[in-house]
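Visitor: I'd like to go over a predicted model; first the sequence, then the structure.
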Amino acid sequence: MLDKLKAMQALGSLMKNKDQLAEAGERIKSKMDAMQIEGEAGGGACRAIVNGKMKLLDLTLDPALLAGMAVDEKTRELATTLIKDAINDATENAQKQVQALITREADELGLGDLAPQLTGLLN
């Protein structure tokens, strides 16, 4: 409880210095844009890269998988599943990295306990 009280006091002092909080928010947004987080499925047969804002940047399919997609429906279904799984893996990895980034910034500002609530301020 004492930690939460300290965090609330730190937040109160930051509200007096909104510029510092705004700068931290801009730093986080900039770092999120620059992130490139990979996810994969099928042992690397499908790889997806997303940024910290969960936007798909790249999707790579193994040439053997691509060749099989042209041949039969079963392989197309497998490819679809692998694509979804790779994108979901990349997104989950990105969410973890973004949360870690926000936690680091919150700690630097003395707001460690409030990191989960600060995530909503970036949308």
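Guide: Yep, it's here.

Visitor: model confidence for the residue sitting furthest away from the middle of the chain, exactly?
Guide: Taking Cα atoms, centre = their mean, the residue of the chain most remote from its mean C-alpha position is residue 71, at 35.4 Å. As predicted, residue 71 sits at a pLDDT of 82.

Visitor: helix/strand/coil for it?
Guide: Three-state call for residue 71 (DSSP: H, G, I helix; E, B strand; the rest coil): coil.

Visitor: in which helix or strand does the residue most central in space within the chain reside?
Guide: By Cα atoms, centre = their mean, the chain has its centre lying nearest to residue 94, at 2.6 Å. Assigned by DSSP states H and E, residue 94 belongs to helix 73-108.

Visitor: where are the low-confidence patches of the chain?
Guide: For the chain, residues meeting the criterion pLDDT under 70 lie at 1-8, 10-11, 13-17, 112-123.

Visitor: buried ones in the helix holding residue 94?
Guide: Within helix 73-108, the residues that qualify as buried are 75, 78-79, 82-83, 85-87, 89-91, 93-94, 98, 101-103, 105-106, counting by 16 or more other Cβ atoms under 10 Å. Yep, even glycine has a C-beta here, placed from its N, CA and C like the rest.
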